[in-house]
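Enquirer: The following comprises the amino acid sequence and a computationally predicted model.
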Amino acid sequence: MLYIVEVPILAGNLATELGQMRTWLDHMKFEVVSFRQLPDRNVCRVDFDSEPNARAFARAFSGRVLNRSSA
């Protein structure tokens, strides 16, 4: 099953925030299925195959885990 995390990003801090997310993921040794910024939105979506990892990432970056119907 795929666990999708949506994280809001401040428009002026896009590069910094995405870099912090990548650093955190590397530090935690979490593997992601995909990592992308949504076009025309200040939102990043990160897909995990592990629910605990998805929830930890969402907590760390004030995001939310989406259910499949809301993604």
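Expert: The structure has been received and is ready for your questions.

Enquirer: From now on I want contacts and neighbour counts done on CA atoms only, so please keep to that.
Expert: Noted.

Enquirer: What is the least confident helix or strand in the chain?
Expert: Lowest on mean pLDDT, DSSP states H and E among the helices and strands of the chain sits strand 34-37, with a mean of 90.

Enquirer: In terms of secondary structure, what does it contact?
Expert: strand 43-48 (3 or more C-alpha pairs under 8 Å, 6 or more residues apart in numbering; DSSP states H and E).

Enquirer: Just list what the strand it packs on packs against, helices and strands only.
Expert: Where contact means 3+ C-alpha pairs under 8 Å, 6+ apart, strand 43-48 is packed against strand 3-8, strand 34-37.

Enquirer: Would you give the sheet partners of the longest one, along with the direction of each?
Expert: Yep, that's strand 3-8 we're talking about. Strand 3-8 pairs in its sheet with strand 43-48 (antiparallel), strand 64-66 (antiparallel), by DSSP bridges.

Enquirer: most packed of the ones you listed?
Expert: strand 43-48 (a mean of 20; mean count of other C-alpha atoms under 10 Å).

Enquirer: and the angle from the helix or strand following it to strand 43-48?
Expert: The helix or strand immediately downstream of strand 43-48 is helix 51-60, counting by DSSP states H and E. Helix 51-60 and strand 43-48 are oriented at 160 degrees to each other (axes from the mean of the first three to the mean of the last three C-alpha atoms, to 10 degrees).

Enquirer: where does the protein have low pLDDT?
Expert: For the chain, the stretches with pLDDT under 70 are 68-71.

Enquirer: In the sheet, which residues pair with the residue nearest the centre of it? Tell me.
Expert: Using C-alpha atoms, centre = their mean, the residue of the chain that lies closest to the mean C-alpha position is Val46, 3.6 Å off. Taking DSSP bridges as the rule, Val46 bridges to Val5, Phe35.
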